[in-house]
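Enquirer: Everything below, folded, please.
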Amino acid sequence: MVRILVTGATGNVGREVAAQLISAGVPVRAFVRDARTTRLPHEVEIATGDLSRPETLESALSGITTVFLVWPFLTSEGAPAVLSAIAGSARRLVYLSSSGVDDEAERQTDPINRLHADMERLIKASGLEWSILRAGTIASNALGWAGQIRQDGVVRGPGIAPTAVVHQADVAAVAARVLTGDGHVGATHVLTGPQVVSRADQVRLIGEAIGRPLRFEEVSVEAARERMLADGRPPALVEALLASTRRPRSDLVTSTVEQITGSPARTFRQWAADHADAFR
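Expert: The predicted structure follows:
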């Protein structure tokens with residue numbers, strides 16, 4: 001029987017993956033740091049630990065055949081030990097990567113894409129049966145704007161090139177099928193939404209969903225850096241996030257979500273309607 005360990009299970013994608021697997025009748029164990037603050041379907045088994053301490057994976061991996069891996073760090077430094085622990089128990093690994101990874105580049109110019117490229121390389125050398133999901137910008141990132149929207153209806157941030165933003169439920173739906181189905185070992189799937197949208201488009205669509213006029217106000221990279229540091233974000237994370245302002249526009253739109261799940265990818269308009277309460 002397939003038995004799946006979901007890491008990142010308290011995050012927007014991991015939580016959806018766990019819920020969709022449970023709905024499909026698949027046994028799920030969630031790997032979390034703190035069971036007391038975890039809100040998941042009651043059918044999900046909870047295992048506590050931390051990927052920064054690979055030894056805590058031992059009991060979590062007992063009886064597990066397949067792992068869904070979300071890597072929460074900015075470097076791949078600790079990944080070999082984690083992958084070794086997983087390979088000692090499980091057979092398959094599905095990794096959540098980035099659509100920005102460029103297979104033709106000798107070295108990724110963006111630090112986040114560089115991290116994912118490094119992780120993919122380590123996973124392919126791990127001996128595990130692997131599948132990689134390269135997701136575009138995930139729509140749930142927009143939840144970080146909720147405070148600004150509630151405050152004065154203006155989202156202020158640096159300019160980032162438009163991209164085909166993907167609903168986290170679609171990423172999870174693909175993950176659930178790849179985790180449980182055949183024909184995906186050694187495959188790299190690129191997941192996007194159905195249309196390219198800018199940050200201003202996203203803010204406008206959220207406004208339509210909640211019945212309020214909203215707008216996006218672009219600020220300089222310097223101003224954005226100052227604000228994020230003042231909010232207490234680690235400097236390395238701030239610089240990694242701001243590197244996205246140098247990415248070129250991407251018109252990449254794939255049909256992978258529909259091909260794997262049988263349903264078209266959801267639009268950002270649909271995502272905004274699904275999450276309107278978070279912005280009211």
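
Enquirer: can you list the weak-confidence ranges in the protein?
Expert: 1 (pLDDT under 70).

Enquirer: for it, what spans make up the helices?
Expert: With helices called from DSSP state H, the chain shows them at 12-23, 57-60, 79-87, 111-124, 146-152, 168-180, 199-210, 221-230, 235-242, 256-261, 268-274.

Enquirer: for those helices, which one sits closest to Val70?
Expert: Val70 lies closest to helix 12-23 among those, at 5.5 Å (Cβ to Cβ). The C-beta positions use only the backbone N, C-alpha and C, and glycine is treated the same way.

Enquirer: circling back to that earlier point, let's have the helices of the chain in a markdown table, adding distance to Ala30.
Expert: Shown next, in a markdown table, are the helices of the chain (distance: least, Cβ to Cβ, whole Å):
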| stretch | distance to Ala30 |
| --- | --- |
| helix 12-23 | 6 |
| helix 57-60 | 9 |
| helix 79-87 | 15 |
| helix 111-124 | 21 |
| helix 146-152 | 25 |
| helix 168-180 | 13 |
| helix 199-210 | 29 |
| helix 221-230 | 29 |
| helix 235-242 | 24 |
| helix 256-261 | 22 |
| helix 268-274 | 22 |
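
Enquirer: residues contacting the residue lying closest to Asp34 once chain neighbours are set aside?
Expert: Distances taken as Cβ to Cβ, 6 or more residues apart in numbering place Thr48 nearest to Asp34, at 7.0 Å, with adjacent residues excluded. If you count contacts by Cβ atoms under 8 Å, 6 or more residues apart in numbering, Thr48 has them with 31-35, 56, 60.

Enquirer: redo that, cut-off 7 Å
Expert: Under the criterion of Cβ atoms under 7 Å, 6 or more residues apart in numbering, the neighbours of Thr48 are 32-35.

Enquirer: Among the residues you listed, which are located in strands?
Expert: If you go by DSSP state E, the contacts of Thr48 have Val32 in strands.

Enquirer: about what we covered before: hey, which of the helices of the chain is tucked in deepest?
Expert: Neighbour counts (mean count of other Cβ atoms under 10 Å) averaged over each of the helices of the chain peak at helix 168-180, with a mean of 24.

Enquirer: what helices or strands is it leaning on?
Expert: Judged by 3 or more Cβ pairs under 7 Å, 6 or more residues apart in numbering; DSSP states H and E, the packing partners of helix 168-180 are helix 12-23, strand 66-69, strand 92-98, strand 129-135, strand 188-191, helix 256-261.

Enquirer: Alright, calling it a day.
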